[in-house]
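Compute the structure for the input listed below.
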Amino acid sequence: MDPVAALTEIAELLERDRASRYKSKAFRAAAQTVGSMSAAELADTARLRSRKGIGDSTFAVISQALAGRVPDYLDELRARVAPPTSSALRARLRGDLHAHSEWSDGLTSIDLMVDAARALGHEYLALTDHSPRLRVARGLSAERLREQLELLPAFSGDGFTLLSGIEVDILDDGSLDQEDALLGELDIVVASAHSKLRLESRPMTRRLVAAASNPRVDVLGHVTGRLVSGARGTRPQSTFDARAVFEACAEHDVAVEINSRPEREDPPDDLLALAVEIGCLFAIDSDAHAPGQLSLLDHGAVRAERMGIDPDRIVTTWPLDRLRAWSRG
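Numbering: from 1, shown residues only. Got it, this is the predicted structure:
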């Protein structure tokens with residue numbers, strides 16, 4: 001087995017499983033190192049062991065792959081990590097409007113996120129790194145975002161489009177954490193609350209309604225902010241008047257995000273049913289922070305299908321020209 005392929009697949013499986021980011025990064029770094037080595041260098045065991053970025057675990061994988069077998073660790077992960085769940089709706093998804101790169105708190109470069117999106121058959125992916133207020137996530141200042149925008153056109157082509165975007169923080173008063181004119185230059189704006197998630201119901205309702213009513217916003221991200229499992233522990237959902245928030249989304253053609261991360265399952269089923277009743281649009285997004293997490297879309301697709309959501313109300317089933325007409329509108 002090709003050792004680079006083995007190391008990369010291990011990294012992707014660890015990412016899908018939301019394992020420690022250091023584990024997946026170690027295997028990606030080893031794949032990069034091995035990819036730069038000649039066959040003669042790989043055959044030199046002592047030299048291979050001494051290379052920076054090659055540890056005991058990655059060395060074992062490389063050695064077993066070079067010996068013509070599936071590495072034990074890869075075999076174990078293939079058996080343990082649940083593969084993407086197929087569904088009729090998943091097959092209709094054309095892209096993803098919420099993904100991060102190492103420009104903020106993602107694990108990898110933009111090109112690796114794009115490669116993974118292409119491999120999944122995506123027609124488009126929106127790069128939505130965080131905004132400045134989220135310092136812990138290295139949120140992008142206006143200057144850094146402009147710098148990123150200059151790079152993005154090079155990643156599109158051959159039937160794939162990398163959309164410009166941001167996951168902009170919803171500030172306490174409902175305003176957005178980025179220059180308004182700069183938000184107007186982006187293809188996709190996902191607005192999410194990341195702080196003061198335990199605000200009382202009335203101010204939180206005003207905050208979310210204001211964001212959903214902002215003409216720059218396309219998607220309202222992980223609306224309740226809850227965590228139901230995972231390494232970060234659990235977190236209760238924010239309290240707010242969901243009817244008022246979803247009515248604002250419906251009035252302003254803002255899509256309610258169906259966040260596909262299993263630790264979020266946001267919105268919960270009762271609120272998702274309410275949004276369906278009110279007539280909202282939806283975006284099934286991965287909220288991926290690594291290439292292997294882009295495949296988490298299958299979780300969101302299964303939920304949406306179970307809730308009986310009309311695929312035509314899910315903007316990520318739309319072709320690119322219709323998606324762009326909606327977001328620009």
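
what's near enough to touch residue 13?
Residue 13 makes contact with 74, 77-78, 81, 292, according to CB atoms under 8 Å, 6 or more residues apart in numbering. Using the backbone N, CA and C atoms, a C-beta is placed for each residue, glycine as well.

And for residue 109?
Residue 109 sits next to 101-102 when contact means CB under 8 Å, 6+ apart.

Pull up the gap between it and residue 73, please.
Using CB to CB, to the nearest Å, we find residue 109 at a distance of 24 Å from residue 73.

likewise residue 187?
For residue 187 relative to residue 73 (CB to CB), the value is 39 Å.

Just want to know which of those two has more residues nearby.
residue 187 (22 against 19; other CB atoms under 10 Å).

Isn't the more buried one up against residue 156?
No - Residue 187 lies out of contact with residue 156 (CB atoms under 8 Å); the separation is 11.0 Å.

follow-up on the earlier one: ranking by neighbours, what's the top pick from the contacts of residue 13?
Scoring those on neighbours with other CB under 10 Å, the highest-scoring entry is residue 292 at 26 neighbours.

Does that one touch residue 10 like I think?
No - Residue 292 lies out of contact with residue 10 (CB under 8 Å); the separation is 9.6 Å.

mind giving me the domain split of this structure?
Split into domains by automatic domain parsing, the chain comes to 3-80, 90-328.

I'd like the mean pLDDT over the first one, please.
This points to domain 3-80. On average, the pLDDT along domain 3-80 is 95.

try stretch 310-321
For stretch 310-321, the mean pLDDT works out to 98.

For stretch 132-148, measure first residue to last.
14 Å (CA to CA, to the nearest Å).

Okay, residue 153 and residue 163: tell me how far apart.
11 Å.

And those two? Which one has more around it.
More neighbours surround residue 163 than the other of residue 153 and residue 163, with 22 against 11 (other CB under 10 Å).

Where do the helices of this structure begin and end?
Secondary structure of the chain, counting by DSSP state H: helices at 3-16, 21-35, 39-43, 45-50, 56-66, 72-80, 110-119, 142-151, 180-183, 201-212, 242-251, 269-278, 297-306, 320-328.

Using CSV, write down the CA coordinates of the first one.
Just to be clear, that refers to helix 3-16. What follows is helix 3-16, C-alpha atoms only, in CSV (Å, rounded to 0.1, in the frame of the first residue of the first chain):
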residue,chain,number,x,y,z
PRO,A,3,2.4,4.9,2.6
VAL,A,4,1.3,8.5,1.8
ALA,A,5,-2.2,7.2,1.0
ALA,A,6,-2.2,5.2,4.2
LEU,A,7,-1.1,8.1,6.4
THR,A,8,-3.6,10.4,4.8
GLU,A,9,-6.5,8.0,5.2
ILE,A,10,-5.6,7.6,8.9
ALA,A,11,-5.6,11.4,9.3
GLU,A,12,-9.0,11.6,7.6
LEU,A,13,-10.5,8.9,9.8
LEU,A,14,-9.2,10.5,12.9
GLU,A,15,-10.7,13.8,11.8
ARG,A,16,-14.1,12.3,11.0
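
Quick check: buried residues in that helix?
3-4, 6-16 (16 or more other CB atoms under 10 Å).

who touches the nearest residue to residue 215 once chain neighbours are set aside in this structure?
Excluding its sequence neighbours, the residue lying closest to residue 215 (CB to CB, 6 or more residues apart in numbering) is residue 252, at 7.4 Å. The contact partners of residue 252, taken as CB under 8 Å, 6+ apart, are 212-213, 215, 217.
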